[in-house]
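Asks: Sharing a model prediction with you, sequence too.
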Protein chains: 2
Amino acid sequence: MSRIEVERKVLGRNDLVAQNNRRRFASHGAYVINLISSPGTGKTTVLEATLARIAERLKVAVIEGDVQTDNDAKRIEATGVEVEAIVTGGGCHLDATMVGKAFGALEPRVAQGLDLLIVENVGNLVCPSAYDVGEDEKVALVSVTEGEDKPLKYPALFHAASTCLVTKIDLLPHLDFDVELLVSNAKSVNPAMKVFQLSAKTGEGIGEWIDYLVASSLAPSDAEGES
Amino acid sequence: MSRIEVERKVLGRNDLVAQNNRRRFASHGAYVINLISSPGTGKTTVLEATLARIAERLKVAVIEGDVQTDNDAKRIEATGVEVEAIVTGGGCHLDATMVGKAFGALEPRVAQGLDLLIVENVGNLVCPSAYDVGEDEKVALVSVTEGEDKPLKYPALFHAASTCLVTKIDLLPHLDFDVELLVSNAKSVNPAMKVFQLSAKTGEGIGEWIDYLVASSLAPSDAEGES
């Protein structure tokens, strides 16, 4: 059996488990996002800033993926939000089975209702984009300290994601970085991409992202209908 | 056959090809480094700054890996250094076969001698660390815009690398970043790690890195003996 055939079988099985996860998430009425970026883009910092602003408005929980250590899960725990850690032990992405298992551990703690489940993937711009974990949407993050051509060099993620957060915009005055070029590169890969520019440090731009997240979480889902 | 068994077989075959690459590199007398980091750490910018300073002192060539586009290879070509591009088409790491094939294309152009071959891996802090491509050493890069805990969260690379470049130190005045904590985290994973702090933008710290690279490239290799 060739490596490609094995990969295809693994992905096939993953998609079945992801569909099962999706049904479980929908039974709670939860909107689910899967945050994906390079290491160092500031996923956890954006997540902390997001939780601080939505915890009053939404019932939210987090599944926190890391290759090693549960440092990030501890940071989320400190915000008071329910969190379950996945340590992949070297694995380069989260898959649907890992997320399903983590949600099983989280489920008794969110029995009173869940509007939004946030999955923070391991830091990797390549591998996680191929794996459906049952999310409603993948959210790509890219910081202004990275290159403007990231969407062109890593197109799989920018195809798979429907929202892009441009992070660390407080650093723009100190950088030779053309945000508009980044945005146009992202939209050249995915013309329907929604883009939010923000700084978790200063709070600039966070409001629009929060409004989008709240609206998506409280909208009636396709599964629930509009009754 | 389980996925893990397949991965083990693939790695076993990779190691054989890597050994063959290593013999070919040694027959040219070339020292070989494999640059690994997240996307956006500044590998290509550090490489441009490095080439500008060593091209007079060493015979050097570059193998440039990217998931998609040959943008980076074009940047290296513009420096006048011989370069061969590998576009993995979605693949998350370079392997020994890809590098061996690229070196085959480069070989006629470096027939007059080669002191240093630099392989720039695809931007990924996880997968490339498991693959020997025949290099003498892996060099990990981490920028001061990423977190101080990166070595703890991605220990496989910091185990596999023997040198670490801390990049973008010109941005330190604008960041809450503790460089000493990053260095001590890197050394806690790998006590023998050599660390160079530098800015490709201002040139600060580049000299020490260049001196190390020149000394390593001109030292007689184990394969050549000291005769």
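Replies: Thanks, I have it.
Asks: Residues of chain A that sit close to chain B?
Replies: A:1, A:3, A:6, A:10, A:38-41, A:66-69, A:71-72, A:90, A:92, A:122-127, A:142-143, A:145-147, A:149-150, A:152-156, A:168, A:171, A:174-175 (Cβ under 8 Å from any Cβ of the partner chain). Bear in mind the C-beta positions are built from the backbone N, C-alpha and C, glycine included.
Asks: Quick one, which of the residues you listed are buried?
Replies: Buried by 16 or more other Cβ atoms under 10 Å in any protein chain shown: A:6, A:38-41, A:66-68, A:72, A:92, A:122-127, A:142-143, A:145-147, A:149-150, A:152-156, A:168, A:171, A:175, out of the residues of chain A next to chain B.
Asks: And the helices in chain A?
Replies: Along chain A, the stretches classed as helices by DSSP state H are A:3-27, A:43-54, A:71-77, A:96-106, A:150-153, A:155-160, A:179-189, A:206-218.
Asks: Which residues are in contact with the residue positioned nearest the centre of chain A?
Replies: Taking Cα atoms, centre = their mean, the centroid of chain A lies closest to A:Leu35, which sits 1.5 Å from it. Residues counted as contacts of A:Leu35 (Cβ atoms under 8 Å, 6 or more residues apart in numbering or on different chains) are A:Lys43, A:Val46, A:Leu47, A:Ile118, A:Val119, A:Glu120, A:Asn121, A:Val139, A:Leu141.
Asks: how close does A:Asp136 sit to chain B?
Replies: Going from A:Asp136 to chain B by Cβ to the nearest Cβ, to the nearest Å gives 24 Å.
Asks: between the helices of chain A, which one is nearest to B:Val183?
Replies: Among the helices of chain A, helix A:71-77 comes nearest to B:Val183, with 17.7 Å by Cβ to Cβ.
Asks: buried stuff in the closest one?
Replies: Neighbour-count burial for helix A:71-77 flags A:Asp72, A:Ala73, A:Ile76, A:Glu77 (criterion: 16+ other Cβ under 10 Å).
Asks: Rounded mean pLDDT for it, please.
Replies: The average of the pLDDT scores along helix A:71-77 is 95.
Asks: which other helices and strands contact that helix?
Replies: Identification of packing neighbours for helix A:71-77 by 3 or more Cβ pairs under 8 Å, 6 or more residues apart in numbering or on different chains; DSSP states H and E yields helix A:43-54, strand A:60-66, strand A:82-87, helix B:150-153.
Asks: Touching the first one from outside, list them.
Replies: Okay, so that is helix A:43-54. With Cβ under 8 Å, 6+ apart as the test, helix A:43-54 has contacts from A:35, A:37, A:60, A:62, A:64, A:72, A:75-76, A:79, A:81, A:116, A:118, A:120-121, A:123, A:141, A:165, A:167, A:198, A:200-201, A:203, A:206, A:209-210, A:213-214.
Asks: Is it possible to mark the buried ones in those?
Replies: By 16+ other Cβ under 10 Å, these give A:35, A:37, A:60, A:62, A:64, A:72, A:76, A:79, A:81, A:116, A:118, A:120-121, A:123, A:141, A:165, A:167, A:198, A:200-201, A:206, A:209-210, A:213-214 as buried.
Asks: Return the closest of the contacts of A:Leu35 with respect to B:Lys101.
Replies: Of those, the one sitting nearest to B:Lys101 (Cβ to Cβ) turns out to be A:Asn121, at 31.6 Å.
Asks: Now do the same contact list for that closest one.
Replies: The contact partners of A:Asn121, taken as Cβ under 8 Å, 6+ apart, are A:Asn34, A:Leu35, A:Ile36, A:Lys43, A:Gly65, A:His93, A:Leu94, A:Pro128.
Asks: Can you tell me which of the residues you listed is nearest chain B?
Replies: Chain B lies nearest to A:His93 out of these, by Cβ to the nearest Cβ, at 8.5 Å.
Asks: what about A:Val122, distance to A:His93?
Replies: 6 Å (Cβ to Cβ, to the nearest Å).
Asks: Can you check which residues contact both of these two?
Replies: Common contacts of A:Val122 and A:His93 (Cβ under 8 Å, 6+ apart): A:Pro128.
Asks: Turn the buried residues of helix A:71-77 into a markdown table, columns for distance to B:Glu180.
Replies: Formatted as a markdown table, the buried residues of helix A:71-77 follow (distance: Cβ to Cβ, whole Å):
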| residue | distance to B:Glu180 |
| --- | --- |
| A:Asp72 | 22 |
| A:Ala73 | 25 |
| A:Ile76 | 26 |
| A:Glu77 | 27 |
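Asks: Return the member of the residues you listed nearest to chain B.
Replies: Nearest to chain B out of the buried residues of helix A:71-77 is A:Asp72 (Cβ to the nearest Cβ; 7.9 Å).
Asks: So what's the residue count around the residue nearest to the closest one when sequence neighbours are not counted?
Replies: Ranked by Cβ to Cβ, 6 or more residues apart in numbering or on different chains and with sequence neighbours excluded, the top spatial neighbour of A:Asp72 is A:Thr44, at 4.7 Å. Close neighbours of A:Thr44, defined as other Cβ atoms under 10 Å in any protein chain shown, add up to 21.
Asks: Let me see the confidence value for A:Thr44.
Replies: With respect to pLDDT, A:Thr44 scores 96.
Asks: Equivalent analysis for A:Val189, please.
Replies: On pLDDT, A:Val189 comes in at 97.
Asks: and it, what does it touch?
Replies: Counting by Cβ under 8 Å, 6+ apart, A:Val189 has contacts A:Pro151, A:Leu152, A:Pro155, A:Phe158, A:His159.
Asks: I'd assumed A:Asn185 was in contact with the first one.
Replies: This points to A:Pro151. Yes: with contact defined as Cβ atoms under 8 Å, A:Pro151 reaches A:Asn185; the gap is 4.4 Å.
Asks: Of these two, which one has the most company?
Replies: Neighbour comparison, A:Pro151 and A:Asn185: the larger count goes to A:Pro151, with 26 against 20 (by other Cβ under 10 Å).
Asks: Tell me how far that one lies from A:Leu172.
Replies: 18 Å.
Asks: Same question for A:Gly205.
Replies: Here the criterion is Cβ to Cβ. By it, A:Gly205 lies 11 Å from A:Leu172.
Asks: swap in A:Asp95?
Replies: For A:Asp95, the distance to A:Leu172 - Cβ to Cβ - is 36 Å.
Asks: Skipping its backbone neighbours, what lies nearest A:Gly147 in space?
Replies: B:Gly40 (6.0 Å).
Asks: and A:Ser129, how far is that from A:Ile86?
Replies: Per Cβ to Cβ, A:Ser129 is found 17 Å from A:Ile86.
Asks: what's the answer for A:Val214, then?
Replies: A:Val214 is 26 Å from A:Ile86, where distance means Cβ to Cβ.
Asks: of the contacts of A:Leu35, closest to A:Ala111?
Replies: A:Ala111 lies nearest to A:Ile118 out of the contacts of A:Leu35, by Cβ to Cβ, at 18.3 Å.
Asks: re earlier: now tabulate the helices of chain A in a markdown table and tack on distance to B:Glu135.
Replies: Listed next are the helices of chain A as a markdown table, based on distance: least, Cβ to Cβ, whole Å:
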| stretch | distance to B:Glu135 |
| --- | --- |
| helix A:3-27 | 23 |
| helix A:43-54 | 30 |
| helix A:71-77 | 30 |
| helix A:96-106 | 32 |
| helix A:150-153 | 22 |
| helix A:155-160 | 26 |
| helix A:179-189 | 31 |
| helix A:206-218 | 41 |
